[in-house]
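Peer 1: Predicted structure and sequence below. I'll ask about it afterward.
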Protein chains: 2
Amino acid sequence: MDYLTGKTEKDALDISELLTGEYEGKEVSLNGAIHKIRDMGDVAFIILRKREGLVQTVYEKGAVDIPLKDLCEEAAVEVRGDVAKEDRAPNGFEVRLRGIRILSRPSETMPIAVNKWKMNTSLETKLDLRPLSLRNVRERAKFRIQEGIVRAFRDFLHEQGFTEIHTPKIGARGAEGGANLFRLEYFHKHAVLAQSPQFYKQMMVGVFDRVFEVAPVFRAEKHNTKRHLNEYTSLDFEMGYIDSFQDIMEMETGFLQHMTALLREEYGRELQMLGVSLPETDKIPQIRFDRAKELVAEKYNRKIRNPHDLEPEEEALIGQYFKEEMGADFVFVTHYPSKKRPFYAMDDPEDTSVTLSFDLLFHGLEITTGGQRIHDYQMLADKLEARGMTDEGMEQYMMVFKHGMPPHGGLGIGLERLTMKLTGEENVRETTLFPRDLSRLEP
Amino acid sequence: MDYLTGKTEKDALDISELLTGEYEGKEVSLNGAIHKIRDMGDVAFIILRKREGLVQTVYEKGAVDIPLKDLCEEAAVEVRGDVAKEDRAPNGFEVRLRGIRILSRPSETMPIAVNKWKMNTSLETKLDLRPLSLRNVRERAKFRIQEGIVRAFRDFLHEQGFTEIHTPKIGARGAEGGANLFRLEYFHKHAVLAQSPQFYKQMMVGVFDRVFEVAPVFRAEKHNTKRHLNEYTSLDFEMGYIDSFQDIMEMETGFLQHMTALLREEYGRELQMLGVSLPETDKIPQIRFDRAKELVAEKYNRKIRNPHDLEPEEEALIGQYFKEEMGADFVFVTHYPSKKRPFYAMDDPEDTSVTLSFDLLFHGLEITTGGQRIHDYQMLADKLEARGMTDEGMEQYMMVFKHGMPPHGGLGIGLERLTMKLTGEENVRETTLFPRDLSRLEP
């Protein structure tokens, strides 16, 4: 009988292993894709692309039993060779080849130059050829940083006593209502795709006190802007036993601090590659919605056209104001008007025309919406009625409040938007692996 | 200007803090839901439910300024009191109350007794009242274990150099084809929900060498069994530069070993509560598909009816065989017939009627399907043609292979099934927070 024993080590080494210095002067084996070949005559530099970065290997004619012309870019290879210090090579070392084994060969040459530092390619082309364009090391670096953001979110919340949950994406009705629902037929019933895990995460506060979820959400919005997607990854949390909605903003601030620390520590290579300076998260200013509108109207000599909502230009100016006035990268805008928030938002008892809610702006773009929710059944039922809504399709959600819920609140962060602002991109599609928008359903 | 500084500490303590012993004899504050009230006359025991477990508090008449009759089960409270050692209480301590503040009250009494050790309730009722029934500490413990499984999956793969990805769930066509696709209209185009992230994770092997994803998948299967769901959470990984499909099984074995270690270390309370013995993962036997069929046919005197597939009863008997013969909880069944595997599965060069693929059975139930994939463009194109398929809707997937891909393979694990087998449940709905099946779309 053959057994599996969990042996995952291989002879082929990773860059991190080679960087220990332990292998200098020794023969090693490593694998990767041939990223670039530079034929200098007597020698050729064959640059391998591995998940951690690039490795320079040196092909000396005669030293390797495979002719150089048999090698081509984007072939997958396993090589053997001697490690040598070389300051001009990526990571400060090179591998002088003794043997090459070709694992697979491409059948066509690349339609785009992924081995250039910056690809001189339109966003449209990059997206059409997404699985290829991501082979460019700067393109893929954005998604390493995205991974770091998600790790930071989970690790921080786990430390704070949150439990991770997985809630269904097909349901009978949406949490936010409205027209932006994708509809489908579910075994002869009408169903919709989740706009957010809102109802589920609230229900789960009654079970685990604090919960989070990282999952896709779906919005059938007919916006075609640089900041909207029709499917995105939402970082959601919801926490019970709050004293006020300030607790939620403190928790988000704590996450952002943990995120910048983790990125600085473990994703330095990617940050440097993209020229990213991490944002200031030590202290994040907060300002009331109405006051924020006044401030930018005064400073930038701008008329307030809609007192109940922030226009995108106003958000941008609020970001600019706080950057200019106090060097802040983030700002919490609080107390949004009740009529612009969903029925479950908690009104401010001191002024019921506004809610105990907030948006977080990052360089003038909303990346989070959050706030305290109503936890009292009667208050929730009254608010539904005042809005002319019924609890149809929300019976189980409403039931939870009949049976006791602590004061609670939470938020949702758009992962791709946060990645976009962090990496200094201008279009959210740049930081989405395979974006879905009005016109794009593939790849 | 007010600032947020990331302050997340509260006066109210967690059970883990109280367990340090540091607070014995001291006054503390803590919050929770009133799980149970036992009125003994002069004193009453008020059991609080917190995310980590239960806390016994002692209400002595006169010592607290709120009458006992004002308290009720499922109210959310914050209490003050003195910590005292008490061996008969959960966690070995109790809190003698000095003050109670009611944060919220239920408006109706519970329709089910969530504060019993075992709820004497049908699965159907539990699911109808899911957000309430999960307040039972044994019900919710299953989802703490589920959290541990997911943490182990991510942490292990991260250590092994895998990058986490987020791929779209709405697409133009499914990876597996067939009839079990949910269809929807996407801005006047036909779209489907992802049956698996198969194509995306393969494409991403060309970018990051090793990738994983934890995300929902959707199967419009008309099965109504104890082991099928129409939406479930899939733990997927895909790895490049493999020497053989054995590497994939070794990686899964490594994950299972890490999982049992993490559960033993950090989820002991929940394992004990549910009476779970962790499975044996040190070494996991593997057996070829055809040989497994023969073995159970011989031992259990059973006719082989379908040589190309395993019937559920056969899977169960294979599990039984390996448990009886060698005490194994898991068994890898390898070399499934080619005609039962998707077109992208790599055929065994020594016998092309079978594939370099496997299922992992856990106590006789399939919890994983995986294997090596075809990485050569021409081989893939030939196999499509041989099956009478076209590359329509798969142009970008096929394109990736034209431009070079390393030998690779991967697997998908059904999270709810793995949780079910681990916790000894008989129905996968028991280990799904909010199941979706033929008849259930709510809550």
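Peer 2: Good, I have the coordinates.
Peer 1: Which parts of the stretch 201-350 of chain A are helices?
Peer 2: Counting by DSSP state H, counting those that start in this stretch, the stretch 201-350 of chain A has helices at residues A:246-266, A:268-274, A:289-299, A:312-326.
Peer 1: Need the pLDDT of the closest residue to A:Val211 other than its chain neighbours.
Peer 2: Excluding its sequence neighbours, the residue lying closest to A:Val211 (CB to CB, 6 or more residues apart in numbering or on different chains) is A:Met204, at 4.5 Å. (C-beta placed from N, C-alpha, C; glycine too.) If you check A:Met204, the pLDDT there is 98.
Peer 1: Likewise for A:Glu231?
Peer 2: In this model, A:Glu231 carries a pLDDT of 98.
Peer 1: just checking, it touches A:Glu221?
Peer 2: No. The criterion here is CB atoms under 8 Å, and A:Glu231 misses it with A:Glu221 at 10.8 Å.
Peer 1: More neighbours: the two, which one.
Peer 2: A:Glu231 (24 against 16; other CB atoms under 10 Å in any protein chain shown).
Peer 1: Now do the more buried one against B:Leu438, distance only.
Peer 2: Relative to B:Leu438, A:Glu231 is positioned 26 Å away (criterion: CB to CB, to the nearest Å).
Peer 1: got it, and A:Val83?
Peer 2: Counting by CB to CB, the gap from A:Val83 to B:Leu438 is 59 Å.
Peer 1: Those two - which one has more neighbours?
Peer 2: Legend: neighbour count by other CB under 10 Å for A:Val83 and B:Leu438, higher for A:Val83 (21 against 16).
Peer 1: all strands for the stretch 301-443 of chain A, in order.
Peer 2: Under the criterion DSSP state E, counting those that start in this stretch, the stretch 301-443 of chain A contains strands at A:330-334, A:347-348, A:351-355, A:357-362, A:365-373, A:408-414.
Peer 1: near chain B at all, the longest one?
Peer 2: Translated: strand A:365-373. No. Strand A:365-373 is not in contact with chain B by CB under 8 Å from any CB of the partner chain; minimum separation 11.8 Å.
Peer 1: for that strand, packing partners?
Peer 2: helix A:246-266, helix A:312-326, strand A:357-362, strand A:408-414, helix A:415-423 (3 or more CB pairs under 8 Å, 6 or more residues apart in numbering or on different chains; DSSP states H and E).
Peer 1: what about these, which gets the closest to chain B?
Peer 2: Judged by CB to the nearest CB, the one of those that comes nearest to chain B is helix A:246-266, at 3.9 Å.
Peer 1: what does the closest one contact?
Peer 2: The contact list for helix A:246-266 (CB atoms under 8 Å, 6 or more residues apart in numbering or on different chains) reads A:145, A:148-149, A:151-153, A:155-157, A:160, A:237, A:239, A:242, A:271, A:278-279, A:281-282, A:284, A:286, A:330, A:332, A:334, A:358, A:360, A:368, A:370-372, A:409-411, A:413, B:4-8.
Peer 1: What remains of the residues you listed if I keep only buried residues?
Peer 2: By neighbour count, with 16 or more other CB atoms under 10 Å in any protein chain shown, these hold A:145, A:148-149, A:151-153, A:155-157, A:160, A:237, A:239, A:242, A:271, A:279, A:281, A:284, A:286, A:330, A:332, A:334, A:358, A:360, A:368, A:370-372, A:409-411, A:413, B:4, B:6, B:8 as buried.
Peer 1: In JSON lines, list the helices and strands packed on strand A:365-373 along with mean pLDDT.
Peer 2: Shown next, in JSON lines, are those (pLDDT from 0 to 100):
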{"stretch": "helix A:246-266", "mean pLDDT": "98"}
{"stretch": "helix A:312-326", "mean pLDDT": "96"}
{"stretch": "strand A:357-362", "mean pLDDT": "98"}
{"stretch": "strand A:408-414", "mean pLDDT": "98"}
{"stretch": "helix A:415-423", "mean pLDDT": "98"}
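Peer 1: B:Arg138: which of those is closest?
Peer 2: For these, proximity to B:Arg138 was assessed by CB to CB; strand A:408-414 is nearest, at 23.7 Å.
Peer 1: Tell me if that closest one is near chain B.
Peer 2: No. Figure legend: strand A:408-414 not in contact with chain B (CB under 8 Å from any CB); closest approach 9.2 Å.
Peer 1: Can you give the strand pairings for that strand, parallel or anti for each?
Peer 2: Applying DSSP bridges, strand A:408-414 is found paired with strand A:231-240 (antiparallel), strand A:365-373 (antiparallel).
Peer 1: Turn those into a markdown table, including distance to B:Glu22.
Peer 2: Output for the strands paired with strand A:408-414, formatted as a markdown table (distance: least, CB to CB, whole Å):
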| stretch | distance to B:Glu22 |
| --- | --- |
| strand A:231-240 | 25 |
| strand A:365-373 | 32 |
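Peer 1: Those strands: which one's closest to B:Asp290?
Peer 2: Judged by CB to CB, the one of the strands paired with strand A:408-414 that comes nearest to B:Asp290 is strand A:231-240, at 42.5 Å.
Peer 1: And that closest one, how far out from the chain middle?
Peer 2: 12 Å (CA atoms, centre = their mean, to the nearest Å).
Peer 1: in chain A, which helix has the most residues?
Peer 2: Longest helix of chain A, by residue count under DSSP state H: helix A:137-159.
Peer 1: Quick one: name whatever helix or strand follows that helix.
Peer 2: strand A:163-164 (DSSP states H and E).
Peer 1: is that next one up against chain B anywhere?
Peer 2: Yes. Remark: strand A:163-164 sits within contact range of chain B at A:Thr163, A:Glu164, by CB under 8 Å from any CB.
Peer 1: other SSEs contacting that strand?
Peer 2: Secondary-structure packing of strand A:163-164 (3+ CB pairs under 8 Å, 6+ apart): helix A:137-159, strand A:210-218, helix B:137-159.
Peer 1: Which of the ones you listed sits closest to B:Ile112?
Peer 2: Once the helices and strands packed on strand A:163-164 are compared by CB to CB, helix B:137-159 is nearest, at 10.3 Å.
Peer 1: Quick one, which of the helices and strands packed on strand A:365-373 gets closest to B:Ala89.
Peer 2: strand A:408-414 (27.4 Å).
Peer 1: Give me the contact list for the closest one.
Peer 2: For strand A:408-414, using CB under 8 Å, 6+ apart, the contacting residues are A:153, A:196, A:198, A:201-202, A:205, A:217, A:232-242, A:245, A:247-248, A:252, A:346, A:356, A:360, A:367-373, A:375.
Peer 1: Could you rerun that using 7 Å?
Peer 2: By CB atoms under 7 Å, 6 or more residues apart in numbering or on different chains, the residues outside strand A:408-414 that reach it are A:196, A:201-202, A:205, A:232, A:234-240, A:242, A:245, A:248, A:252, A:367-373, A:375.
Peer 1: what's the answer for stretch A:163-179, then?
Peer 2: Outside stretch A:163-179, the residues that reach it (CB under 7 Å, 6+ apart) are A:154, A:181, A:186, A:191-200, A:204, A:208, A:210-213, A:216, A:342, A:393-394, B:51, B:144, B:147, B:150, B:216, B:218, B:231, B:233, B:433-434, B:436, B:441-442.
Peer 1: near chain B, which residues of the stretch 1-150 of chain A show up?
Peer 2: Residues of the stretch 1-150 of chain A that fall close to chain B, judged by CB under 7 Å from any CB of the partner chain: A:1-8, A:12, A:14, A:31, A:33, A:50-51, A:74-76, A:103-108, A:110, A:131-132, A:134-135, A:140, A:144, A:147, A:150.
Peer 1: what's the answer for the stretch 301-443 of chain A, then?
Peer 2: Counting by CB under 7 Å from any CB, the stretch 301-443 of chain A comes close to chain B at A:332, A:375-378, A:396, A:400, A:402-407, A:433-434, A:436, A:438, A:441-443.
Peer 1: Filter the residues you listed down to the buried ones and hand me the PyMOL line.
Peer 2: Buried residues among those (16+ other CB under 10 Å), as a PyMOL selection:
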select buried, chain A and resi 332+375+377+396+400+402+403+404+405+406+407+433+434+436+438+441+442+443
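Peer 1: How many neighbouring residues does A:Arg341 have?
Peer 2: Residues near A:Arg341, counting by other CB under 10 Å, number 17.
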